[in-house]
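>>> task: produce atomic coordinates for the following.
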Amino acid sequence: METLRNISENWGVAVELVIIIATMYLILRRHGSQKWTRFFVVLSVLLIIITATSVIFKLKLIPLFVLVGTFFFTMSMIVVFQPELRRKLAELGSRSFFFFSEGKNKEFLENLTETIRQLGAKRYGALFAIERRIELKPHLETGIFLDAQFSSELILTIFRPKTELHDGGIILREGKVIGAGCLFPVSQREITDRSIGLRHRAGIGITEESDAIAIIVSEETGAVSIAHSGDLEHDLDLETFSQRLLDLLEVDMKETNEKKPPATAFDPPKPKSISSPSTEE
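Residues are numbered from 1 along each chain as shown. As a prediction, this is how the structure comes out:
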């Protein structure tokens with residue numbers, strides 16, 4: 001009887017706890033990652049069990065201990081998920097939390113894919129960052145502001161070896177080249193594949209600090225890679241690259257009967273797989 005009385009007297013606490021957990025879960029499902037969501041679910045289940053036990057048996061010391069432990073555990077997880085948290089906080093100060101770049105325009109992406117093909121064929125090393133919700137203004141200020149219409153001729157000129165801007169990165173916004181020769185942060189994470197050079201690390205680095213999508217073309221092999229959310233998809237063939245870019249930018253892929261560019265002797269060799277290594281930049 002006493003147990004039932006304790007439950008009836010504290011049902012309001014249970015309702016508030018459920019409302020808070022449900023709200024946080026919906027926010028994480030909408031804007032968080034799977035790692036954050038799983039962590040939150042596990043932590044919520046533990047809190048519910050401990051809270052229910054404390055209420056039923058009128059415990060005092062254990063809830064205090066759990067509260068302190070939960071605080072320090074949460075702080076440690078924030079350190080672990082620091083890159084993701086930094087991206088989400090940056091989104092709050094971006095142009096719009098729900099903004100999606102016009103870079104998703106399918107025609108623009110097809111032109112970009114063709115340009116990537118030409119860069120690989122000529123063995124021109126290249127680095128792009130497609131801006132999404134989070135503005136890349138701090139990185140734009142390290143390069144040359146252009147605000148030019150995207151074209152293969154412009155990109156090939158910028159990344160031609162020995163030109164002034166070929167070592168930096170290009171920032172794309174809404175189908176335009178808004179900056180060239182930009183410096184991107186180099187990822188400090190440990191990468192066991194020693195064939196990953198500075199250009200690839202810079203591509204990973206910009207995606208660790210923002211929600212941008214980075215595209216890297218190897219100067220040595222012409223192989224194409226995509227970096228997003230701090231991860232690198234290495235050595236992609238053009239068909240896989242195009243599909244992954246469409247998927248990442250949430251563009252619906254429609255079947256077309258358009259003719260693919262004919263293969264030439266100058267085309268880069270077909271990569272073995274996504275995870276196969278390339279040579280040092």
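>>> who's the closest spatial neighbour of residue 123, skipping the chain neighbours?
residue 222 (5.2 Å; CB to CB, 6 or more residues apart in numbering). Where you see a C-beta, it was placed from the backbone N, CA and C, and this is true even at glycine.
>>> kindly report the same for residue 236.
Nearest one to residue 236, counting by CB to CB, 6+ apart, is residue 224 at 5.1 Å.
>>> for burial, what's the neighbour tally of residue 172?
Around residue 172 there are 23 other residues, counting by other CB atoms under 10 Å.
>>> oops, could you answer that again for residue 107 instead?
8.
>>> list the contacts for it?
Not one residue lies near residue 107 by CB atoms under 8 Å, 6 or more residues apart in numbering.
>>> quick one: the closest residue to residue 213 other than its chain neighbours from residue 189, how far?
Leaving aside its sequence neighbours, residue 213 sits nearest to residue 130 (CB to CB, 6+ apart; 4.5 Å). Relative to residue 189, residue 130 is positioned 21 Å away (CB to CB, to the nearest Å).
>>> I'd say residue 112 and residue 150 touch.
Yes: the criterion here is CB atoms under 8 Å, and residue 112 meets it with residue 150 at 7.2 Å.
>>> verify the stated contact: the residue nearest to residue 236 with residue 214.
No: with contact defined as CB under 8 Å, residue 224 does not count as touching residue 214 (11.3 Å).
>>> which elements pack onto the biggest helix by length in the chain?
Looking across the chain with DSSP state H, the single longest helix is helix 34-57. Counting contacts by 3 or more CB pairs under 8 Å, 6 or more residues apart in numbering; DSSP states H and E, helix 34-57 is packed against helix 2-9, helix 11-31, helix 61-80.
>>> show me what counts as buried in that helix.
Within helix 34-57, the residues that count as buried by 16 or more other CB atoms under 10 Å are 36, 39, 40, 43, 44, 47, 50, 51, 54, 55.
>>> what secondary structure does residue 177 sit in?
Judged by DSSP: H, G, I helix; E, B strand; the rest coil, the three-state class of residue 177 is strand.
>>> the nearest residue to it once chain neighbours are set aside and residue 171, how far apart?
Distance criterion CB to CB, 6+ apart; nearest residue to residue 177, sequence neighbours excluded, is residue 148 at 4.8 Å. For residue 148, the distance to residue 171 (CB to CB) stands at 11 Å.
>>> neighbour count winner among the two?
Using other CB under 10 Å, the more surrounded residue of residue 148 and residue 171 is residue 171, with 27 against 13.
>>> still on that earlier bit, who's more crowded, residue 224 and residue 214?
residue 224 (29 against 24).
>>> so how far is residue 75 from the more buried one?
Counting by CB to CB - residue 224 and residue 75 are separated by 39 Å.
>>> buried residues, stretch 139-151. List them.
So stretch 139-151, judged by 16+ other CB under 10 Å, has buried residues 139, 140, 143, 146, 150.
>>> ok, stretch 237-251 next?
For stretch 237-251, by 16+ other CB under 10 Å, it's 237, 238, 240, 241, 242, 244, 245, 246, 248, 249.
>>> nearest to residue 198 among those?
Ranked by distance to residue 198 (CB to CB), the buried residues of stretch 237-251 are led by residue 241 at 21.0 Å.
>>> surely the closest one touches residue 117?
No: judged on CB under 8 Å, residue 241 makes no contact with residue 117 at a distance of 9.2 Å.
>>> hang on, residue 170 in a strand?
Yes: judged by three-state DSSP, residue 170 forms part of a strand.
>>> give me the distance between residue 199 and residue 172.
For residue 199 relative to residue 172 (CB to CB), the value is 16 Å.
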